[in-house]
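Q: Could you work out the structure for the sequence below:
(one chain, ligands or ions: 1)
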Amino acid sequence: MILDDVRADVSSQLDAQSELGVQITSHNDIPEKGPVNRGLWFQIPQATAVFADLKSSTKLNATDGPRDAAFAYTYFIRAMTVILDRFSAKYIDIQGDGIFGLFSGRGSMFHAAACAVTMRTLVEREVAPRYVKSTKSGWNLTAGIGVDKGVLLVRQLGLGEVAQNEVWAGKPVNTAAKLSSLATSNEVVVSERVLAEYKKFSKPRQRALLWSCGCRGRANQGGLSIPAGQTPNLWKKIPVPKDTGLDFNHAYRMQSAWCQKHGAELCEALLTGKGQAN
Ligand SMILES: [Zn+2]
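A: You can find the predicted model right below:
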């Protein structure tokens, strides 16, 4: 009987794993690959996950057919991969039809934040227009971006030597994925603990990330020259629905893209901490 065979296989696999036991070693940095050694896991105490998800992708497949869907995913995933890589994500992976990057080490919160805003900006300014050009589709290509931080455990697991892949256990990846689905079109949603970290950033960094540019499209006004706190705050508190299973009650959403005029200097200030704001 097949069921008995399957059960016996599962049971002997679990016997083997139970005999190996588990060893956990702590690492400051996200490794390129998780350990394959038997029973060994790496623990990364401070990791930030950025998850990007194509909004309304179920409608895409139903209404536009496979060619348009293929273009949408190709452009979206390729663009997000480039952005994650340029902002120094240590590990990039695709989960379902979304994509995530992991950041760790010095400055990783700044890189992850700049990465999230850039994803949101370039989906609107590069990916969506290109998709329309290639497909003439009326479907609106937008993304939701989620960010969370915390402890991660990693090792490679899978079928024998062939299909090993990293398993990332811990809250950040799952939470970032859930936040990306809470996000509406072209919105970045971060957990309460991530926003609390943003509020501890240096003044130029806060200026760049938390407050609106204030230029109203005029290059000679606004940007870093206006101190933090004198323009509207970009982050709105939203309640987290109870059924999401998240371990916090509120998240924070941001709908703005990088300013066309000042985005480059604000992004630079967020990454380097250097700027005129005080
Ligand atoms: Zn501006």
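Q: So, low pLDDT: which residues of the stretch 101-250 of the chain?
A: Scanning the stretch 101-250 of the chain for pLDDT under 70 picks out the ranges 159-162.
Q: Can you name the residues of this protein that neighbour the ion?
A: Cys213, Cys215, Gly222, Cys259, Lys261, His262 (CB under 5 Å from the ion). (Glycine included, C-beta is placed from N, CA and C.)
Q: For the protein, which helix extends over the most residues?
A: When the chain is parsed with DSSP state H, its longest helix is helix 57-86.
Q: Packing partners of that helix?
A: Applying 3 or more CB pairs under 8 Å, 6 or more residues apart in numbering; DSSP states H and E, we find helix 57-86 packed against strand 40-54, strand 91-95, strand 98-104, helix 108-122, helix 128-135.
Q: dump the residue contacts of the residue in the stretch 1-150 of the chain that the ion sits nearest to.
A: Nearest residue of the stretch 1-150 of the chain to the ion (CB to the ion) works out as Thr121 at 12.6 Å. Contacts here follow CB atoms under 8 Å, 6 or more residues apart in numbering; on that basis Thr121 touches Ala257, Trp258, Gly263.
Q: At which residues are the helices of the stretch 151-278 of the chain located?
A: Using DSSP state H, counting those that start in this stretch, the helices of the stretch 151-278 of the chain run over 171-182, 192-198, 203-210, 263-272.
Q: And the contacts of the second one?
A: Put plainly, it is helix 192-198. Contacts for helix 192-198 (CB under 8 Å, 6+ apart): 48, 109, 113, 147-150, 190, 206, 209-210, 235, 248-252.
Q: which outside residues touch stretch 237-256?
A: Against stretch 237-256 from outside (CB under 8 Å, 6+ apart): 117, 171, 175, 178-179, 182-184, 186-195, 212, 234-236.
Q: Make a ChimeraX selection of whichever of those turn out to be buried.
A: Entered in ChimeraX, the line below selects the buried ones among the contacts of stretch 237-256, by 16 or more other CB atoms under 10 Å:
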select :117,171,175,178,179,182,183,186,187,188,189,190,191,192,194,195,212,234,235
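Q: sorry, back to before: just the buried residues of the contacts of helix 192-198.
A: Taking 16+ other CB under 10 Å as the criterion, what is buried in these is 48, 109, 113, 147-150, 190, 206, 209-210, 235, 251-252.
Q: from those residues, which is closest to Ser12?
A: Using CB to CB, Gly150 comes nearest to Ser12 of the buried ones among the contacts of helix 192-198, at 34.5 Å.
Q: Check which helix or strand the closest one maps to.
A: strand 143-157 (DSSP states H and E).
Q: partner residues bridging the most centrally placed residue in the chain?
A: By CA atoms, centre = their mean, the chain has its centre lying nearest to Val50, at 1.4 Å. In this entry, Val50 is beta-bridged to Gly101, Val147, by DSSP bridges.
Q: ok, it touching Ser88?
A: No: using CB atoms under 8 Å as the test, Val50 is too far from Ser88 to be in contact (11.5 Å).
Q: Return every residue with contacts to both of these two.
A: Residues touching both Val50 and Ser88 (CB under 8 Å, 6+ apart): Phe103.
Q: pLDDT averaged over stretch 1-21, what's the number?
A: Averaged over stretch 1-21, pLDDT sits at 92.
Q: Give me the contact list for it.
A: Contacts of stretch 1-21 (CB under 8 Å, 6+ apart): Arg38, Gly39.
Q: now stretch 131-140
A: Contact with stretch 131-140 is made by 56, 59-60, 63-64, 67-68, 71-72, 75, 128, 141, 185, as judged by CB under 8 Å, 6+ apart.
Q: 10 Å - rerun?
A: 55-57, 59-61, 63-65, 67-72, 74-76, 123, 128, 141, 185-186 (CB atoms under 10 Å, 6 or more residues apart in numbering).
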